[in-house]
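Asker: Please work out how this folds:
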Amino acid sequence: MKLNLNFEDAKIENAIRNSSKKKTIILDLADTTSWHREEDKLFYGRETKKKLEISRIKSPIGRFLPNLIIKFNKTDFQNPTIRLGFFWYFFMAFLMILFLALIVRIILDKSFNEDVIYMIFITLLSTSLFFIEYSLTKLTLNKLIKRIENQNS
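Answerer: This is a model prediction of the structure:
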């Protein structure tokens, strides 16, 4: 997903830095949950030479939600991209392979009468968790956008 922000790069960068706690480990592996959330911090952030990555700070209850990472290129803060953490890429790929194998087995083996409700339930649950995290991340990004707008005032 691409976002289009219509603010000056310096203001976007400043708002991200003011709203983030620094992490030194890559965000795919980082624990993004926290019991003690500071009011002004919305994200965990990691900086490299070419990009700035942020991930929403979650409550411990949100530990089971996927990790969405928002990447800002330092040359273009206007168009950040959102991606899943790599654990969830592997998990979703694994689920798709299992789901396809189940469909092939049902088609090829006429005597197959196993209960497929578990596979459907796991697939729907993981998809629901993704959309919950996506919605929460959008709400957090809207808070960041409001902070950028307040800088303009």
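Asker: Who are the contact partners of the nearest residue to residue 19 once chain neighbours are set aside?
Answerer: Leaving out its chain neighbours, the residue that sits closest to residue 19 by C-beta to C-beta, 6 or more residues apart in numbering is residue 42, at 4.5 Å. For glycine as for every other residue, the C-beta is placed from the backbone atoms N, C-alpha and C. By C-beta atoms under 8 Å, 6 or more residues apart in numbering, residue 42 lies in contact with 19-20, 56-57, 140, 143-144.
Asker: Regarding residue 72, what is its secondary structure?
Answerer: Here residue 72 is recorded as strand under DSSP: H, G, I helix; E, B strand; the rest coil.
Asker: what sits opposite it in the beta ladder?
Answerer: residue 52 (DSSP bridges).
Asker: Work out for me the element residue 55 sits within.
Answerer: strand 51-56 (DSSP states H and E).
Asker: and that strand, which residues are buried?
Answerer: 52-56 (16 or more other C-beta atoms under 10 Å).
Asker: And for stretch 12-28?
Answerer: Neighbour-count burial for stretch 12-28 [16+ other C-beta under 10 Å]: 12, 15-16, 19-20, 23, 27-28.
Asker: gap between it and the chain center?
Answerer: 14 Å (C-alpha atoms, centre = their mean, to the nearest Å).
Asker: and if you look at stretch 129-144?
Answerer: 8 Å.
Asker: Can you give me the buried ones in it?
Answerer: 130, 133-134, 137, 140-141, 144.
Asker: Report the beta-bridge partners for the residue nearest the centre of the chain.
Answerer: In the chain, the centroid-proximal residue (C-alpha atoms, centre = their mean) is residue 68; its distance is 0.9 Å. Counting by DSSP bridges, residue 68 forms beta bridges with residue 84.
Asker: who does the host helix or strand of residue 104 touch, helix- and strand-wise?
Answerer: Taking DSSP H and E as the definition, residue 104 sits inside helix 86-108. If you count contacts as 3 or more C-beta pairs under 8 Å, 6 or more residues apart in numbering; DSSP states H and E, helix 86-108 packs onto helix 117-152.
Asker: could you give me the average pLDDT of the helix it packs on?
Answerer: Across helix 117-152, the average pLDDT comes to 88.
Asker: Count the neighbours of residue 61 for me.
Answerer: Counted with other C-beta atoms under 10 Å, residues neighbouring residue 61 total 8.
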